[in-house]
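K.L.:
Quick one, fold the following:
(2 chains)
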Amino acid sequence: MTATITILIVEDDPAIRHVLHEALLDEGYDVAEATNGQEALDALAACHPDGPAAIVLDLMMPVMDGWHFRADNAASASPRTARSSSSPQVVTRFRQRRNSRPTVSSPNPLSLTH
Amino acid sequence: MPNSDEATLNGSKLIDNRLASVDWPSSGLGLLESWPASLRATLESCLTSNAPAVLWWGDQFIQFGNDAYDTVFSDDPTSSGFGGRAEDVSPLLWSIVGPTIERVRHDGQIAIDVDVPIHLNIHRSAETQIASFVHVPVFGADGRIGGVFTIVLRSEPPLGTQRQTTASDRTGNSENRAALLQSVTAKLAGAATTNEVGQVVVGEGLAAFRADSGVVALCSPTDSTVDVVASTGYSVERIQQWESFPLQSNSPMADGILRGKTTILRSRAEALIAYPNLGAEFANAGTEAWVAAPLAVRGQILGALVFSFAWPQQFSDNDLEDIQALASQCAQSIERAQLFDAERAARDHAEGIADRVARLQAVTAAMAEAASREEVAEAALRESIAAVGATAGGLGVLDASRRSIQRLAMLGYPPEIVEGTRNVPIDELGPIGDTARTGEAIWLETNEQLFARYPRLGAIPARRTYGAAISVPLSAGGEVIGVLSLRFREERPFSAEDRDLIYAIARGCAQALERSRLYEAERAARAEAEDAVRARDEFLSIASHELRTPIAALKGATQLILRRRARGDRDEERLTRTLTILNETADRLTGLTDDLLDVSRLRTGHLTLTIEPIDLSALVASVVERSRDDFEGHHEIVLDAFPGSLPIPIDPSRIDQVISNLLDNAVKYSPAGGRIRITVGTDGNGIRVSVHDEGIGLPDESTESIFEPFGRATNAAISNLPGMGLGLYICRNIINLHGGWIRAESPGEGQGTTNMFWLPESMPEDYA
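P.N.:
Have a look, this model is predicted:
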């Protein structure tokens, strides 16, 4: 696995953030962190020109929540994001339907839900 | 016998005979022929007079009565003592008038005996006559007084004719009586009431017996009086005077009733002898004879029937039988009428009850339809006004402070009164205030009563357009809850039935108001319960998120460690970091569950304090020290503490919990960091601790709601700042248990918050 794939974690809870971070590191990804939607937008702007391959997004966060972030990010005319070969896949931690599961591609998925 | 013209008087043959029948020389007057001219002339006048007259002559008072005199005073005119000495032939009369006549003969002055009762044996029965006597001296040729000429007055009608008025002149015989009774019976058939019966009997009897006045009076069963039900021929004054009088009084009527026998008074003299107490009454009445017959039926005496006569009377046995027969018939009719009256009264009463029940049902039905208090009040008021025929009214309830009456409904009043009396203070001097204050109904039948009691109201012109007024309390559970007031266009009395009806309406109205109050209270309780359920659902949603996050972290961290172990990863540094996170997360979870347990304890009343004297200054310092370790780097915590020790009786672990919670909040809600200042100082009889931050502040509406269970500041909730909204609720309960207070202040959103609490130097008695 090359070390060039970056995943952005947007999460306000430090413990969850820590667990996700460590798990993704264990899988060989580069990890970027943001504690809310606003920080995530800032992080995207400062990121590698190709941007993160995926974003793990919490929805209920102070300052800017996940829904706002998604809306703002989609509407953003940020050249870096626009130029990326593929839009990052966004994984939300917030379970919107009981049977839906976060779709993190992994042979040995880390379960944060129960 | 002397036959010369000189020897006779110019009179009737009877007189001649009479004069001739006397042996004049033995009488002491000498031969008829030798009588002086004055005697002869006077005797002639006397004997030819139609009025009763007597001449008394000489020292012996030889008596010469004329025919009329004999008719009145003598049973047998032929042996009336004509020509005899007065004291021999008329000892009774002489004993009465003799002294006056002797004085007249001596003094030569005219004298009068007025209204002398004279009891004589006349016509087989004792009879008392009343007479007035005018005595005139008779002078002889020598100027000396020869005798006294006496005229007997009461000549209208002539005494001699009236005493002929006996049975045969009235109903006369059994045929006439039958006619009388038949006529009475026919007329009584149409008489329904005791008054009507009395009128018939008095009217018929008066004509039949040629009486001048008549009366039917009945014994009142309750108060031992005799009450007149019908009378004829009396003056207004006498009717008023004798309308009702005590049965025990000494009077012909009372006696008749008490003895159950017909009482007869043939003359005023007889009446005076029997009832000396009524002398003045008899003199004023212009009545000379009475008959009083008891109204007896089946052994019971209901009253008496009395006829009065302007002249002395004889009553024959027939007369008495007639009167008694009339009285008997009267009694039977009276009894029937009384039964009729009683039945009608009972029917009226029953109809009155039925009417009131109907009106009450109307009121109740109208109130049953109404749901809100205003609707109940208006329905009750409208029906009350209709039920008693009022012109206007108001219905008010005491407000929560019980200081004023709030009108729920007003009907029929002009706008200025409605506006002016929407709220009536209970200490206002008026019927409504008085009733609210005392719980007593006020009945004012006239404006005079109203304005005498409340002069202030008399000065308000609008009030003067009304008559009677009522103010009735509405009571529930032994307490006045409101007042129903009614005004009437006219002045009017309020009977016991009126009052009962209004009381009944007021009771129904109070019940309906109370029912609607309970209904509204129940609805409020249900709304509160629904709010509680909603709050609990909200809490579960918040709590599930708040609890799920640390549990997810716990689970994730645990899996991380397990996976690394499986891979043989022995990076100690990473392990320590993850374990630290694990530990902190477990602490967070403990804090959350502790809060939930505390809330549960508060709800069930099991949160208790373990009080000990503690230096609060030191306690605050230790909490701040611990927090500095936790928040070092991102928040500056400044302690502005009282320099000395502040010993105070508290539960140290609970106060620690409060201070920590306030500090945690200050940190949590100042996400941008900044300074947190804690102040400790004495304040009154206690100690105040304030925690000030420079964080997101509080909107106005949240300074109290944040102390409610699950209450969170609106800005905190919108910002997705974590928290269940239990911390401050628990804090407030802990501080309240200590007898202190806690509150939050904020100049506004984004301008920081100051949370402060105060604890008393001594605990409330519960914990002393």
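K.L.:
Without its sequence neighbours, what residue ends up closest to the residue in the stretch 401-550 of chain B positioned nearest to chain A?
P.N.:
Closest approach of the stretch 401-550 of chain B to chain A (Cβ to the nearest Cβ) occurs at B:Thr549, with a separation of 5.2 Å. For every residue, glycine as well, the C-beta is placed using N, CA and C. The shortest distance from B:Thr549 to any non-neighbouring residue, by Cβ to Cβ, 6 or more residues apart in numbering or on different chains, is to A:Asp13 (5.2 Å).
K.L.:
Contacts for the longest helix belonging to chain A next, please.
P.N.:
Secondary structure of chain A per DSSP state H: the longest helix is helix A:14-27. Outside of helix A:14-27, the residues within contact range by Cβ atoms under 8 Å, 6 or more residues apart in numbering or on different chains are A:1, A:7, A:9, A:11, A:31, A:33, A:35, A:56, A:58, A:93, A:106, A:110, A:112, B:549-550, B:552-553, B:556-557, B:559-560, B:563-564, B:567, B:569, B:574, B:577-578, B:581, B:584-585, B:588.
K.L.:
State the distance from the residue nearest to B:Thr549 to B:Leu360.
P.N.:
70 Å (Cβ to Cβ, to the nearest Å).
K.L.:
and what of B:Val216?
P.N.:
41 Å.
K.L.:
Looking at those two, which has the bigger crowd around it?
P.N.:
B:Val216 (28 against 17; other Cβ atoms under 10 Å in any protein chain shown).
K.L.:
Quick check: the more buried one touching B:Gly303?
P.N.:
Yes - at 6.7 Å, B:Val216 counts as touching B:Gly303 under the criterion of Cβ atoms under 8 Å.
K.L.:
hey, what's in contact with both of the two?
P.N.:
Shared contacts of B:Val216 and B:Gly303, counting by Cβ under 8 Å, 6+ apart, come down to B:229, B:295, B:334.
K.L.:
The last one: how many residues sit nearby?
P.N.:
Going back to what we said before, that points to B:Ile334. Considering only other Cβ under 10 Å, B:Ile334 is surrounded by 27 other residues.
K.L.:
Lowest average confidence across helices and strands of chain A, where is it?
P.N.:
For chain A, scoring each helix and strand by mean pLDDT, DSSP states H and E identifies helix A:79-83 as the least confident one, at a mean of 32.
K.L.:
host element of the residue of the stretch 401-550 of chain B closest to chain A?
P.N.:
helix B:496-567 (DSSP states H and E).
K.L.:
In PDB, please show the C-alpha coordinates belonging to the helix or strand containing B:Ala296.
P.N.:
Using DSSP H and E, B:Ala296 maps to strand B:289-297. Provided in PDB are the C-alpha atoms of strand B:289-297 (Å, rounded to 0.1, in the frame of the first residue of the first chain):
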ATOM      1  CA  ALA B 289    -125.900  45.400  72.000                       C
ATOM      2  CA  TRP B 290    -123.900  42.500  70.900                       C
ATOM      3  CA  VAL B 291    -124.200  38.800  70.100                       C
ATOM      4  CA  ALA B 292    -121.100  36.700  69.800                       C
ATOM      5  CA  ALA B 293    -121.500  33.100  68.600                       C
ATOM      6  CA  PRO B 294    -118.700  30.600  68.500                       C
ATOM      7  CA  LEU B 295    -117.900  29.000  65.100                       C
ATOM      8  CA  ALA B 296    -117.800  25.300  66.200                       C
ATOM      9  CA  VAL B 297    -117.500  22.300  64.000                       C
END
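K.L.:
Near chain A, which residues of the stretch 401-550 of chain B are found?
P.N.:
B:545, B:549-550 (Cβ under 8 Å from any Cβ of the partner chain).
K.L.:
What mean pLDDT does stretch B:323-337 get?
P.N.:
When pLDDT is averaged over stretch B:323-337, the result is 86.
K.L.:
which residues make contact with that stretch from outside it?
P.N.:
B:177, B:180-181, B:184-185, B:188, B:191-194, B:196-198, B:200-201, B:204-205, B:208-209, B:216, B:218, B:262, B:291, B:293-297, B:302-305, B:307.
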